[in-house]
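*Asks:* starting from these lines, generate the structure:
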Amino acid sequence: MKYLIIGGLSVFVEALIDRLVEKKDTEAVIVSKSGNEYLYEKERLEWVDIDTKDCNDVKKVLSQTRPHCIFHFKVQDSVGQAWRDPNETVDINVIETINILNAVKELDYKPRLIIGGSGEEYGHLGFDHLPLNEDETPRPVNIFGATKACQTMFAKLYHRAYGLDVIVVRTFNETSTLQDERWAISSFCKQFVRMERGEQDRVIHVGNTNIIRDFTDVSDLVNAFELVAEKGKSGEVYNAARGVGVSVREIITYLEEIIGISVEIRTDKSKVRPIDAPSIVADISKIKEDTGWEAETDIKSTLEKMVENWRLRLS
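*Replies:* Model prediction:
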């Protein structure tokens, strides 16, 4: 089996590479270069230049490498950046995805294409729609979510029109001990450890503490993508999440328990989005039924590992 990962290195991609190179039937895991590949070397891991802005270049690379399964993770995934630069977000999330779809369509064989979707596609459908299942009509409330919903529509269209073996996996809020402070949860953990060390006042600045999100550990998400690649049904959309909603306020409470301190919460208006869905929680019955997957790691266990990681990093 030969895999191609488009999108360069990230916390999630590194975990997926680790999983794929260990599989007995793996011939090669090929990853698109993003400038930091020299930091990461593995047996059966190869690097390739892919210009996803150019459909012909994508087709050329696919024709040369002939992967059996393609994971498309190239994305502009910052909601804040999407508001600041919607043109860039559309170019990366929509236009470049269309280039990949067109390149796959023109091949003389049919690889499986798995696209990383997002729970932000659903937007705010109302509490009576929770948990959100894949048949819901998306109503995104931010530019990032709108581009990902458009991406999914194109994937389904190319499956129906051209018979592409394409699947979209909608992930929600990813957590990992390797995330840095650019990620909100990791930033909270770092701040709590600094408070524990006496390096920061016991005050935390946040946006809306009442929003509820579905947090899933990277290790569980890697399992989801692996199983969808093996057992997922062509043309389908799958939610991959824990299926449990947790508020930002609950995250802070868990961290207070883990560290053993109490903090003052202050609202930072600059961290509040122009529009935000109050609650996004996934219905995971479809992926469980088709592949047998379900998340195994709860959010508190992840937070404990993240806190310990920051303790080591700040020591």
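*Asks:* how about the helices in the stretch 101-250 of the chain?
*Replies:* All helices of the stretch 101-250 of the chain, identified by DSSP state H, counting those that start in this stretch, fall at 143-162, 184-196, 218-231, 248-259.
*Asks:* where does the residue lying farthest from the centre of the chain land on pLDDT?
*Replies:* Centroid-distance maximum for the chain: residue 198 at 33.8 Å, with CA atoms, centre = their mean. Note on residue 198: pLDDT of 95.
*Asks:* gap between it and residue 68?
*Replies:* As judged by CB to CB, to the nearest Å, residue 198 and residue 68 stand 54 Å apart. Backbone N, C-alpha and C define where each C-beta goes, glycine included.
*Asks:* same check on residue 220?
*Replies:* Taking CB to CB as the measure, residue 220 and residue 68 are separated by 24 Å.
*Asks:* so these two - more neighbours on which side?
*Replies:* residue 220 (19 against 15; other CB atoms under 10 Å).
*Asks:* for the nearest residue to the more buried one once chain neighbours are set aside, give me its contacts.
*Replies:* Excluding the flanking residues, the one nearest residue 220 by CB to CB, 6 or more residues apart in numbering is residue 295, at 4.1 Å. Each residue near residue 295 by CB atoms under 8 Å, 6 or more residues apart in numbering is listed here: 216-217, 220, 224, 241-243, 284.
*Asks:* so residue 295 sits in a strand?
*Replies:* No - Residue 295 is assigned coil when assessed by DSSP: H, G, I helix; E, B strand; the rest coil, not a strand.
*Asks:* pLDDT score assigned to it?
*Replies:* Per-residue pLDDT puts residue 295 at 96.
*Asks:* any idea how far residue 5 is from it?
*Replies:* Residue 295 is 22 Å from residue 5, by CB to CB.
*Asks:* and for residue 314?
*Replies:* In terms of CB to CB, residue 314 sits 32 Å off from residue 5.
*Asks:* so these two - more neighbours on which side?
*Replies:* The residue with more neighbours, out of residue 314 and residue 5, is residue 5; 25 against 12, by other CB under 10 Å.
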